[in-house]
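> quick one, fold the following:
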Amino acid sequence: MGLLRTILTLIALVVLAHVALVFLGFGPENHEVVAAVFGLGELFEAPIQLVLPDRGFYVTALAAAAAYLILAFLLGVLES
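Numbers count the residues shown, from 1 in each chain. I've put the predicted structure just below:
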C-alpha cells in the first residue's frame with residue numbers, strides 16, 4: 001500500500017509540474033524533459049476530462065491532482 005500511495009503522490013506532482021510549466025509559458029518544444037512532463041501530464045489528466053468535459057485546462061489539471069492526492073490519502077487511512 002505504501003508503494004501505491006507513493007506512486008499516486010508522484011502522479012499528482014507530475015500534474016502540478018505540468019500546470020506550472022503551462023503557467024510559466026513553456027511548451028513541449030523547449031526541452032525533452034518538458035515534453036515528457038507535458039505528455040505524462042496529459043495522460044494523467046485524461047480520466048478527469050471524461051468526468052469534467054468542456055472545462056478549462058486549469059480546472060481539469062487541478063482536479064486531477066486533487067483526485068490523485070485524495071486517493072493517496074484514502075489509501076493511508078485504510079492502511080491504519
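> per-residue confidence at the residue positioned nearest the centre of the chain?
In the chain, the centroid-proximal residue (CA atoms, centre = their mean) is V15; its distance is 2.6 Å. Turning to V15, the model gives it a pLDDT of 98.
> where's it, which helix or strand?
For V15, the host element (DSSP states H and E) is helix 2-24.
> from the middle of its chain, how far away would that helix be?
Relative to the centre of its chain, helix 2-24 is centred 5 Å away, using CA atoms, centre = their mean, to the nearest Å.
> packing partners for that helix?
Helices and strands touching helix 2-24, by 3 or more CB pairs under 8 Å, 6 or more residues apart in numbering; DSSP states H and E, are helix 32-51, helix 57-79. Where you see a C-beta, it was placed from the backbone N, CA and C, and this is true even at glycine.
> quick revisit: right, and the residue nearest to the centre of the chain touches G41 too?
Yes. Between V15 and G41 there is a contact under CB atoms under 8 Å: 5.6 Å.
> where do the contact lists of the two overlap?
A61 (CB atoms under 8 Å, 6 or more residues apart in numbering).
> coming back round to it: quick one: buried residues of the helix holding V15?
For helix 2-24, the neighbour count (16 or more other CB atoms under 10 Å) marks 5, 8, 11-12, 14-19, 21-22 as buried.
> want to throw those residues into a markdown table with distance to A35?
Shown next, in a markdown table, are these (distance: CB to CB, whole Å):
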| residue | distance to A35 |
| --- | --- |
| R5 | 28 |
| L8 | 23 |
| I11 | 18 |
| A12 | 20 |
| V14 | 13 |
| V15 | 16 |
| L16 | 17 |
| A17 | 13 |
| H18 | 11 |
| V19 | 16 |
| L21 | 10 |
| V22 | 13 |
